[in-house]
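*Asks:* Please work out how this folds:
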Amino acid sequence: MKIIAIIPAGGKGFRSGFPTPKQYLKHNNKEVLSYCLDTFQRNKSVNEIIIAAEPEYFNLILKIILKHKFNKVKLIVEGGATRQQSVYNALLAADAKKEDLIIVHDAARALLPDDVLQNAINTAKVKSNAVVCIKAKDTLVKGNKSISEYINRDEVYYVQTPQIFKYQTLIRAFDKAEKQNLLATDESSLVRNLGEKVFISEGSVFNFKITTKEDFELFKKLVKK
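*Replies:* Predicted coordinates for the structure are as follows:
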C-alpha cells in the first residue's frame, strides 16, 4: 500500500490581505508552503507528494523543492478554479491503486504536528479513512447580530486537514460530485455524500489555517518559539 499526500496550493489568498498568496509568504527566508511540506517529507509513512497549484507559481515551487530537497514531491499539477477541482486534478494525475491512501492537506496549515499526521495515518489504515478535527471548547451560538440559539457543543468539532481516504473511495466521491455539480468545502463531505462513514482523528490548535494577517502573525510567533 502506498501513501500519497496531495497539497492543494492554488488559492489566491485574497482574505489574507497580502498581494502574495498566503502559501508563498516568507518567514525566516522560508515559504509557508515549505513549512507545510517539511512535515510530509519527514514522515516515514508518506511515499509521495503531489502539489496542485497555479502554473504561474510552478517555477517558484520547483525552486522550493530543490532548495529544501523535498524529494518526495513527484508531481506538480495545475490547480482548478476551486480547491475541489485542484484536488480532483491531482487525484486524476496520481499513480495510485485502489487501496492506496490519499492524504489531502491544506498548504496554508503550515504547523501540522508530526504526531497528528501519524495518528491520522494509523487511524486510516485501520478504519479506511480519517479526518483530523478538534473538539469545540467555546460556547457556540447561532444568530445574526443577536443570539437566537445556543448549540450543544458536546458533539461539535472543528474540521481540519489532513483528511485521509482510500484512493478508490475518494475518486468515486469526486466523480459523483462532478456529475451532481456538487461543490463542497472538504473531502469528508464528498465521501459522506457517498453514504460512507467518516472517522475522526484528534487534531491540534497549532494546525490552524493561515487565512488572515493575524493568522500569519501568530504563525511567525509560533515558529520563533
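
*Asks:* Number of residues surrounding Phe34?
*Replies:* Slight slip there: residue 34 is Ser, not Phe. Using other Cβ atoms under 10 Å, Ser34 has 22 neighbouring residues. For glycine as for every other residue, the C-beta is placed from the backbone atoms N, C-alpha and C.

*Asks:* Name the helix or strand for it, please.
*Replies:* Ser34 is part of helix 32-42, with elements assigned from DSSP states H and E.

*Asks:* which outside residues touch that helix?
*Replies:* Here helix 32-42 makes contact (Cβ atoms under 8 Å, 6 or more residues apart in numbering) with 5, 7, 9, 22-26, 46, 49, 51, 61, 64, 67-68, 70-73, 103, 105-114, 117, 210, 219, 223.

*Asks:* can you check stretch 89-99 too?
*Replies:* 1-2, 4, 6, 8, 50-52, 74-75, 77-80, 102, 166-168, 170-171, 174.

*Asks:* what does stretch 2-10 give?
*Replies:* The set of residues external to stretch 2-10 that reach it, using Cβ under 8 Å, 6+ apart, is 21, 23, 33, 36-37, 40, 45-54, 57, 61, 72, 79-80, 83, 86-87, 90-91, 94, 96-97, 100-107, 121, 162, 167.

*Asks:* of the residues you listed, buried ones?
*Replies:* Among those, those classed as buried by neighbour count (16 or more other Cβ atoms under 10 Å) are 21, 23, 33, 36-37, 40, 45-46, 48-54, 57, 61, 72, 79-80, 83, 86-87, 90-91, 94, 96, 100-107, 121, 162, 167.

*Asks:* Give me the residue at the spatial middle of the protein.
*Replies:* The chain has His105 as the residue nearest its centroid, 1.9 Å off, counting by Cα atoms, centre = their mean.

*Asks:* For Val77, see how far away that residue is.
*Replies:* According to Cβ to Cβ, to the nearest Å, His105 stands 15 Å off from Val77.

*Asks:* can you give me the helices in this structure?
*Replies:* 32-42, 58-68, 83-93, 114-127, 167-180, 187-192, 213-224 (DSSP state H).

*Asks:* any low-confidence regions in this protein?
*Replies:* Applying pLDDT under 70 to the chain flags the ranges 12-17, 225.

*Asks:* pull the longest strand from it.
*Replies:* As assigned by DSSP state E, the longest strand anywhere in the chain is strand 157-166.
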